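# Take a look and give me a structure for this.
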Amino acid sequence: MIKKQRTVLTTVGGLALAATLVGCSGGGAPVEVDLGSGPAVAGTVKEGALDGVTLTLSSWGGLFQEGQVEAASVPFAKESGATMLDDGPTEYSKVKAQVESKQVTWDIVDSDIIWADMQCGEDGLLMDLDTTIVDTSNIPEGLVGDCYVPAMQYGYVIMYNKDAYPTAPTGWADFFDTERFPGKRSIAGFEDIGPGIYEGALLAEGVAPDELYPLDMDRVYAKLDGLRDHLIYWKTGAESQQMIESGDADMALVWSGRGFGAVENGANYAPIWDQSLVVADALSVPKNAKNPDAAFAYINYYLGAEQQAKLSEITSYSPVHKDSKPNLTELGQDYLITNPEIADVMVPTDATWWSANYDTELNRWLDWIQG
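Numbers count the residues shown, from 1 in each chain. A predicted model of the protein is given here:
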């Protein structure tokens with residue numbers, strides 16, 4: 001097995017400590033665990049229930065993964081006795097390889113919610129959600145799948161350079177208008193597809209939010225063709241944030257937490273919330289995980305109101321526990337999509353449509369992006 005360096009979270013003398021481990025990661029040999037009796041309650045775990053268990057969380061890196069570690073992994077390790085490792089960024093090909101080889105080293109996977117939805121069921125890569133261990137009663141409607149829960153909810157939002165545009169752009173039509181608003185536009189350019197620039201192209205054309213789906217992809221690509229020469233691409237969240245902080249892109253379509261991070265670091269950019277898109281990540285457990293009960297116990301803990309509040313306070317992403325009340329700075333409140341003034345102008349996205357059309361639209365996207 002290839003050796004990699006990664007962070008290990010464990011407990012010594014009652015304190016959660018960060019150390020570095022060089023060696024093989026993953027769940028190790030199966031360990032019997034006693035999670036206690038009674039119904040699951042989000043945000044709780046039986047003290048010492050996971051002594052001897054090692055779990056690895058795979059996520060996307062950067063501010064978000066740092067928040068997951070601090071808000072959930074560190075206190076979970078302290079309370080449960082588990083050793084928590086974190087790795088990433090999540091790559092779906094690696095999940096597939098691990099499951100098929102029965103050598104699963106990522107016990108909990110943070111993924112795109114569309115990919116997760118595609119992996120539910122007998123032929124998928126993810127285990128059915130064990131609702132005897134995971135309490136989903138406080139999660140907003142529509143965010144729980146057969147094999148996943150939401151990791152958080154957030155916006156896919158246009159950020160614009162306030163120095164470049166004395167007259168502020170106000171929406172998708174301005175994103176596509178390179179005469180009134182010249183400059184480079186940054187969008188995702190990785191080998192994946194889902195809600196984002198496609199809905200934006202139709203909204204720029206005047207399509208009503210409640211009439212977006214099914215997406216008219218011929219119309220989408222006709223619109224994108226006119227923007228091609230003005231596009232630059234990011235492949236990771238960290239890269240999208242850097243493009244804002246460096247000023248390489250005068251407008252950037254990014255995950256709201258990355259926009260928040262860039263502005264917090266001093267970038268003179270602002271979000272356009274009008275018709276920004278509501279999206280979510282998913283947490284799941286791959287099939288053939290060595291300690292699935294322990295992995296689901298982590299997910300249950302992660303979903304607690306206190307943990308979700310702290311995650312929001314660190315990252316600006318919005319909580320998925322209905323009773324979570326993050327204590328945010330003024331800037332943080334400006335990026336919290338559960339705030340009514342933001343929520344009321346956002347556009348929901350249809351994960352079911354994307355899941356059903358993913359393969360066809362991915363091939364079309366890859367052909368287009370390669371020119």
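# Strands of the stretch 1-150 of the chain, start to end?
With strands called from DSSP state E, counting those that start in this stretch, the stretch 1-150 of the chain shows them at 4-12, 15-23, 54-58, 83-87, 108-112, 149-161.
# Could you pull up phi and psi at Val144?
When read as degrees, to the nearest 10, the backbone of Val144 gives phi -100, psi 130.
# Distance check, the spatially closest residue to it that is not a sequence neighbour against Tyr148.
The shortest distance from Val144 to any non-neighbouring residue, by C-beta to C-beta, 6 or more residues apart in numbering, is to Thr136 (5.0 Å). All C-beta atoms are positioned from the backbone trio N, CA, C, and that covers glycine. Using C-beta to C-beta, to the nearest Å, one obtains 10 Å as the distance from Thr136 to Tyr148.
# I'd like the next helix or strand past whichever strand or helix holds Leu203.
Following DSSP states H and E, one finds Leu203 within helix 197-204. Per DSSP H and E, the first helix or strand lying C-terminal to helix 197-204 is helix 217-225.
# Would you mind listing the buried residues in that next one?
217, 220-221, 223-224 (16 or more other C-beta atoms under 10 Å).
# and it, average pLDDT?
For helix 217-225, mean pLDDT is 98.
# In contact with Ile369, which residues?
189, 233 (C-beta atoms under 8 Å, 6 or more residues apart in numbering).
# Let's see the pLDDT reported for it.
Confidence score, pLDDT, at Ile369: 94.
# What are the phi and psi values at it?
Ile369 adopts backbone torsions of phi -70, psi -20, taken as degrees, to the nearest 10.
# separation between it and Tyr221?
From Ile369 to Tyr221 the distance is 11 Å (C-beta to C-beta).
# what does Leu126 give?
Using C-beta to C-beta, Leu126 is found at 31 Å from Tyr221.
# pretty sure Glu199 is in contact with Val347, am I right?
Yes. Counting by C-beta atoms under 8 Å, Val347 is a contact partner of Glu199 at 6.9 Å.
# Looking at the two, which is more packed in?
More crowded of Glu199 and Val347, by other C-beta atoms under 10 Å: Glu199, with 23 against 20.
# From Gln98, how far off is the more buried one?
In this view, Glu199 and Gln98 are 32 Å apart by C-beta to C-beta.
# so what's the residue minimising distance to the centre of the chain up against?
A centroid search over the chain (C-alpha atoms, centre = their mean) returns Asp281, at 3.6 Å, as the residue closest to the centre. Residues near Asp281 by C-beta under 8 Å, 6+ apart: 60, 110-113, 150-152, 154.
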